[in-house]
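[1] sequence and predicted model, in that order:
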Amino acid sequence: MSYVGRYRGCLALTGPIVDEAASPFLSHSQSPPPLHITLLTKAELREVLDPPAAKTIGPVYALGVSRPRPDIVFVPVLWPEGQRYRLRLGLPPAQFHITLSAADAHDIDKSVDSILEGMCPSPAPDALLYELSHDFLLRGNTTRALQTACRLPHDSPRRWIRIGDVGVAESKYKLAMLAYGRALHDLQSVPERAVQYCLKRMFRCAQHTEWDVLYLDDERGQIPDDLAEDLEQQWPDALRDLIARSIPDGFLPTLSVESRVHVTLPDGYKLPRFFRWVVPFHLAAMSTPRNRDDCLRLAQIGVRHIVTLTEEEPLPTEWFGIGPAPTQTFLPVPNYMPPSPEQIDLFLAIVSERAPVLVHCGGGKGRAGTALACFMVAFGFQRPSPDWDHPVLPARQAIARLRAIRPGSIETTQQEAAVIAFESRLWKRRSALPVPISEPAPTTPIVTGDGSAIDQADLVVLVGLPGSGKSWFRQQVMLRDWNGDWEALSGDEMGRAACEQLIGRHRARGRRLILDRCNAGRDDRAQFLRLADTWATTPIAILFDYPADLCVWRAQRRPDHPTLPPGNRVRTAVAQHAKLFVEPALDEGFKAIVRVGSFDASRSLTRRFTGPAPIFKFPRTPHLLNLGAATSDDVVVQSSVTTAPGSTVVITEKVDGANLGFSLSPDGNVVVQNRSHYVTSASHAQFKKLGAFVHANREALHEVLGRDPSFPERFILFGEWMAAQHSIQYTALPQLFIAFDLYDRMTKAWMDRAGLEATLAGTGITLVPVLATRSDLPSEAELKSIIQTKSAFTDGRVEGVYIKVEKGGAVQYRAKVVRPDFISGNEHWTKGAIVYNSLVPQQ
């Protein structure tokens, strides 16, 4: 039995574990057993009067044999538990060894460096390499530690953990941060103890460097060239979320970043000034984004929503919400002023509900700093907690902490006062956020008068308090105006005078008009009915019937209302309209009055006005180049096509199947269209497995298509259904559906390739493969060469190629080139017996 005990005045390990380690080298032995490994020397034992028992012995690794002198032979060993024992006693690392000779010397090197050439085990076991690298670290030899760690398997978390340890030892904290992050790329394969070790080390590194693959100043030089490709990989969302959930209690960041500093991505792209994760992967701040590319890069590092506080500089809406770009909330705040109390509450709600969030103003100091300090008062440097019961930091301490890590933050006395007032407000209400007012239970519209008038109405007068949902209803009708039947006038956006002028000039021309104003009094409504008297034959009123306190609650959560931003004016406006409010009546001249008292009722009425969404057919794609496959009814580009500056040309394989579009019905069910009609598994033999595909991918399809709860039908995912052979026999399909386009009914735009890849990432839905990405259109010769490319899904060539010109997150132009022998002869594929394509066998 192996044990640690007294041996010749020392504390030593003896027994079978030592004999076994030495056995390969006993031919060199000049010393009779028992062999031993000294744990504590005689001198050390005198210092440690009562050494604790060694609880575990653990493995012993023999590293080779060393003969520094003819009469001295020993085996340097790694004994990890021995080193841990010594470290717990505060002793330096020992050069553990097994002496094989009668003679010995205690003043010579007995580490691995003393091993005779060719006497070290090769290939070395992974566990040995890991511990050997640690041993080098303990002895301060970081170069050998790194070299040894790099001999570990590429996909081993231990490799990257040890490289991270080297980074910490050398104060190369960016190297360490990225190495620990790389170790946790596949969280499922990493033991929990190692996960916690990496997280602890990463928070230590975060006091010296920014999170993720973001470089400060000259940090890129810390990364060895042969490790850069691995270490600079984008961090998985699961890792970012784990970090955000694992912030240590009481964590206080100390890294100070000046406002002039730009952090840099691995490809050299510089984000706008003053970027900083204040709460890792939950809340960040920065100066103003400069363009849509900045927004896309922010999405790349985990930002999902942007809060803009610059009243003087609203950002273009097309920068946001398309494909991978973050969504945005605009909370306009005058320069050098603080956000209003209601805006601060809304900001905190956004951070709680839509994280990771980035907030910015012009320079990222004043208005953004005020919002950050209020967050810190409420939550410190932690994510919001459902167990919140009091402010975490006093206001002045929050301001000081923020200025320590973001110098120059909070620029005026008004902004400081707003933070102090916010702390006081938190103590008074005992809640981090205002207590929400519940929405009414689902109801149906209640009609007074002629119910048939709803379908014939040519003038729809909306009536209700501010915040009652009138504008939401109007916007939803206009979004679903499939046939161009509706026009709308908005008092908030146009003003009363413009509404009066335009309603008087309106001529029906088959189009119906919505008047979106409060229309609180009889006289007010009568004035607009008189103005419309020349053309309106069937006016109706829709009464949005909600209590005033709920209307105030809703209106305070509208971030960028054109006339009533969150604040005291909301309460005043609702109170004034409530005082003057008179419900509409039939004797005013309305043919019917519809009472709406819930979102369900509002949605129901919206759909009645607009009807079901018609099928949106995938557009016919012109041939960019006719190599002989275009038929007489195909469209061929007649003139040369040019690309605008800044465009991207994406060329993908064109696959040969049945065109399908997946979308959601108003009640959220997945529906499938084939060209101009809906299909199911029973529609045709080639669609026999369609139902099974929808069932297996229902969650993924809802993730892709159901991103706008108020507009379920908004998105259509197009692709090819590859079950049956058309002209090409596919023998290596990953699945039966290959996606290639996502259409947005609201913006009437097609998502670009980057957006499509981001949207489908992690869903398991296959995309057509990219053959080339470039800045210009290929020449005729290049196109003829590209169509000779081998297909990703069969041994033969591609059917053809699909060319998209993209800019601003959307497809601007599309065309195709089909190889000349695409369909041989005149007989269509459907005339013969169906031949099915083949899937790649599941592993």
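    Nice, thanks for sending it over.

[2] number of residues surrounding P384?
    Neighbour count for P384, taken as other CB atoms under 10 Å: 20. Bear in mind the C-beta positions are built from the backbone N, C-alpha and C, glycine included.

[3] so what's the spatially closest residue to P34 that is not a sequence neighbour up against?
    Spatial nearest neighbour of P34, chain neighbours left out: T14 (5.0 Å); criterion: CB to CB, 6 or more residues apart in numbering. The contact partners of T14, by CB atoms under 8 Å, 6 or more residues apart in numbering, come to S2, Y3, G5, Y7, P34, L35, H36, I37.

[4] what of H561?
    Counting by CB under 8 Å, 6+ apart, H561 has contacts D492, A555.

[5] break this structure into its domains for me.
    Annotated domains of the chain cover 3-114, 126-245, 276-429, 446-610, 648-831 [automatic domain parsing].

[6] now those in JSON lines, please, with extra columns for distance to L625 and mean pLDDT.
    JSON lines is the format used below for the domains of the chain (distance: least, CB to CB, whole Å; pLDDT from 0 to 100):
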{"stretch": "domain 3-114", "distance to L625": "66", "mean pLDDT": "89"}
{"stretch": "domain 126-245", "distance to L625": "36", "mean pLDDT": "95"}
{"stretch": "domain 276-429", "distance to L625": "28", "mean pLDDT": "95"}
{"stretch": "domain 446-610", "distance to L625": "35", "mean pLDDT": "94"}
{"stretch": "domain 648-831", "distance to L625": "5", "mean pLDDT": "91"}
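
[7] out of those domains, which is closest to H623?
    domain 648-831 (6.0 Å; CB to CB).

[8] dump the domains of the chain to JSON lines, plus distance to L255.
    Formatted as JSON lines, those follow (distance: least, CB to CB, whole Å):
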{"stretch": "domain 3-114", "distance to L255": "29"}
{"stretch": "domain 126-245", "distance to L255": "6"}
{"stretch": "domain 276-429", "distance to L255": "6"}
{"stretch": "domain 446-610", "distance to L255": "31"}
{"stretch": "domain 648-831", "distance to L255": "29"}
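
[9] looking at the ones you listed, which is closest to E258?
    Nearest to E258, of all those, is domain 276-429, at 5.9 Å by CB to CB.

[10] ends of that closest one, what's the gap?
    Domain 276-429 has an end-to-end distance of 31 Å (CA to CA, to the nearest Å).

[11] i'd like the first residue to be 20 from this point on
    Sounds good: first residue 20 from here, last item domain 295-448.

[12] tally of neighbours for R264?
    11.

[13] ugh, typo on my part, it should be P641
    Neighbour number of P641 under other CB under 10 Å is 17.

[14] mind naming the longest helix for the protein?
    The residue-count maximum for a helix in the chain (DSSP state H) belongs to helix 432-448.

[15] now do the buried residues in it.
    Q434, E435, A437, V438, I439, F441, E442, R444, L445 (16 or more other CB atoms under 10 Å).

[16] can I get those residues in a markdown table including distance to W230?
    Below are the buried residues of helix 432-448 laid out as a markdown table (distance: CB to CB, whole Å):
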| residue | distance to W230 |
| --- | --- |
| Q434 | 27 |
| E435 | 28 |
| A437 | 28 |
| V438 | 25 |
| I439 | 30 |
| F441 | 27 |
| E442 | 28 |
| R444 | 31 |
| L445 | 28 |
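
[17] buried residues, the helix or strand harbouring E372. List them.
    Using DSSP states H and E, E372 maps to helix 360-373. The neighbour-count check on helix 360-373 (16+ other CB under 10 Å) flags P360, E361, Q362, I363, D364, L365, F366, L367, A368, I369, V370, S371 as buried.

[18] quick check, central residue of the chain?
    When CA atoms, centre = their mean is applied to the chain, the residue found nearest the centroid is G321 (4.7 Å).

[19] surely that one meets V232?
    No: G321 lies out of contact with V232 (CB atoms under 8 Å); the separation is 10.7 Å.

[20] residues shared between the contacts of the two?
    The contact lists of G321 and V232 share W254, where a contact means CB under 8 Å, 6+ apart.

[21] the stretch 20-169 of the chain: strands as residue ranges?
    Secondary structure of the stretch 20-169 of the chain by DSSP state E, counting those that start in this stretch: the strands cover 22-26, 29-33, 55-59, 80-81, 85-88, 91-97, 116-118.

[22] show residues contacting the fourth one.
    Outside of strand 80-81, the residues that reach it under the criterion CB under 8 Å, 6+ apart are 40-41, 43-44, 94-98, 117, 140, 144, 146-147, 150-151.

[23] okay, now the sheet partners of it, with direction.
    Counting by DSSP bridges, the strands paired with strand 80-81 are strand 91-97 (antiparallel).

[24] angle of the strand it pairs with against strand 55-59?
    Going by axes from the mean of the first three to the mean of the last three CA atoms, to 10 degrees, strand 91-97 is angled at 60 degrees with respect to strand 55-59.

[25] any idea of the angle strand 91-97 forms with strand 29-33?
    Using the same axes, to 10 degrees: strand 91-97 against strand 29-33 is 80 degrees.

[26] buried set for strand 91-97?
    Neighbour-count burial for strand 91-97 [16+ other CB under 10 Å]: I91, V92, F93, V94, P95, V96, L97.

[27] in those residues, find the pair that's most separated.
    I91 and L97 (20.3 Å).

[28] quick one: buried residues of stretch 457-476?
    Quick answer for stretch 457-476 (16+ other CB under 10 Å): T462, P464, V466, G468, A472, I473, A476.

[29] ok, stretch 542-556 next?
    Result for stretch 542-556 [16+ other CB under 10 Å]: buried residues D543, R544, F547, L548, L550, A551, W554, A555.

[30] so the last one touches V479, yeah?
    No: at 9.9 Å, A555 and V479 do not qualify as touching, with contact defined as CB under 8 Å.

[31] sorry, back to before: right, and the domains of the chain - which one's nearest K636?
    K636 sits nearest to domain 667-850 of all the domains of the chain, at 5.5 Å, using CB to CB.

[32] now do the buried residues in the helix or strand Q595 falls within.
    Per DSSP H and E, Q595 falls inside helix 587-599. Under the neighbour-count criterion of 16+ other CB under 10 Å, helix 587-599 has R588, V589, R590, A592, V593, H596, A597 buried.

[33] cool, stretch 164-178 as well?
    A164, L165, T167, A168, C169, L171, S175, P176, R177, R178.
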